[in-house]
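Novice: structural data only, the sequence is not supplied:
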Ligand SMILES: [Zn+2]
């Protein structure tokens, strides 16, 4: 394959399909290797399809796709046909260490143990989030945040898009949903500006999912809805700043979320 059979995605695409994975399939009849794109590896329904949906080259000649096709063709891929590089994704510099492999295996076995209780948790989370009186985009956001499926730096590192998943702002902590939406100092100030959200502060949560489950079970439905709206406002804030749109400061965020 010599570096030719590869997938290219921009940030917008990754944020639309955060769980998608790309891998090479084996092929004995060609020096190219087919690329398999799975949008949601955890989605049971995908296993029902026996024959994968295949890309047809004739699509490239369709007028409706010409802009996209030209854009993709303009991306320069190494002309030296260099050998594919093998990178160990578990360390920042890509080199293999026993310690990082041990950590990865420990994590995999921990996740496997969580398997059965996960199903009940997912059901509880799903029904709780779907009852929230908030716009459906916010419900989708809460579901993705709880499943650690947002394009956070931690998640992009996990999907091999970034080498380093550390938060850009504090440079001190992996940037996962919990950090971006609840723990990061600036974000903490937003939540602390309204005593309504003092009740979960006394507890420690392992991840954003645990926090959401706690809020869904302990808070009134209007507080849980406000919680989701504030989390949404916090999540879209950096994008709005990047696009030069108006954002609210710490003291206004919760009031504005309430008004939305
Ligand atoms: Zn940070």
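Specialist: That came in fine, so what should we check first? A quick note: this is a predicted structure, and the numbers were derived from the prediction, not measured. Numbering: from 1, shown residues only.
Novice: what about stretch 231-245, near the ion?
Specialist: No: taking Cβ under 5 Å from the ion as the criterion, stretch 231-245 and the ion are apart, separated by no less than 11.8 Å. From N, CA and C alone the C-beta is placed, and that goes for glycine too.
Novice: do the same with stretch 157-170
Specialist: Yes: Stretch 157-170 lies within reach of the ion by Cβ under 5 Å from the ion, at 167, 169, 170.
Novice: counting neighbours, which of these comes out on top?
Specialist: Within the residues of stretch 157-170 next to the ion, most neighbours by other Cβ atoms under 10 Å means residue 167, with 19 neighbours.
Novice: how close does the nearest residue to that residue once chain neighbours are set aside get to residue 150?
Specialist: Nearest non-adjacent residue to residue 167, counting by Cβ to Cβ, 6 or more residues apart in numbering: residue 175, 3.9 Å away. Remark: distance between residue 175 and residue 150 (Cβ to Cβ, to the nearest Å) = 10 Å.
Novice: residues near residue 123, how many?
Specialist: 10.
Novice: now do residue 223
Specialist: 14.
Novice: which helix or strand lies directly C-terminal to the helix or strand containing it?
Specialist: Secondary structure from DSSP states H and E places residue 223 in helix 221-242. Once helix 221-242 ends, the next helix or strand along the chain (criterion: DSSP H and E) is helix 250-259.
Novice: and the contacts of that next one?
Specialist: Here helix 250-259 makes contact (Cβ atoms under 8 Å, 6 or more residues apart in numbering) with 186, 189-191, 193-194, 196-197, 226, 229-230, 232-234, 248.
Novice: 6 Å instead?
Specialist: Contacts of helix 250-259 with the rest of the structure, by Cβ atoms under 6 Å, 6 or more residues apart in numbering, involve 189, 190, 193, 194, 226, 229, 230, 233, 248.
Novice: any idea how far residue 125 is from the residue in the chain sticking out farthest from the centre?
Specialist: Farthest-out residue of the chain from its mean C-alpha position, per Cα atoms, centre = their mean: residue 29, at 36.0 Å. Distance of residue 29 to residue 125, computed by Cβ to Cβ: 46 Å.
Novice: residue 139 now?
Specialist: 11 Å.
Novice: quick check: residues of the stretch 101-250 of the chain near the ion?
Specialist: Residues of the stretch 101-250 of the chain lying near the ion (Cβ under 5 Å from the ion): 167, 169, 170, 184.
Novice: please redo it, this time with the cut-off set to 8 Å
Specialist: 166-173, 175, 179-180, 183-185 (Cβ under 8 Å from the ion).
Novice: can you put those residues in CSV and add distance to residue 252, secondary structure and pLDDT?
Specialist: Shown next, in CSV, are these (distance: Cβ to Cβ, whole Å; DSSP: H, G, I helix; E, B strand; the rest coil; pLDDT from 0 to 100):
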residue, distance to residue 252, secondary structure, pLDDT
166, 29, strand, 91
167, 24, coil, 91
168, 24, coil, 85
169, 20, coil, 85
170, 23, coil, 87
171, 27, coil, 87
172, 27, coil, 86
173, 26, coil, 90
175, 24, coil, 92
179, 23, helix, 95
180, 19, helix, 93
183, 21, helix, 92
184, 18, coil, 89
185, 18, helix, 89
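Novice: now do the SS call for the residue nearest to residue 146 when sequence neighbours are not counted.
Specialist: Nearest-residue entry for residue 146: residue 209, 4.3 Å, with adjacent residues in sequence omitted and distances by Cβ to Cβ, 6+ apart. Per DSSP: H, G, I helix; E, B strand; the rest coil, the secondary structure class of residue 209 is helix.
Novice: quick check: residue 209 touching residue 148?
Specialist: No: Residue 209 is beyond contact range of residue 148, at 7.5 Å (criterion: Cβ atoms under 6 Å).
Novice: what touches both of the two?
Specialist: What both residue 209 and residue 148 touch, as defined by Cβ under 6 Å, 6+ apart, is an empty set.
Novice: centroid-nearest residue for the protein?
Specialist: residue 150 (2.6 Å).
Novice: pLDDT score assigned to that residue?
Specialist: At residue 150, the model reports a pLDDT of 90.
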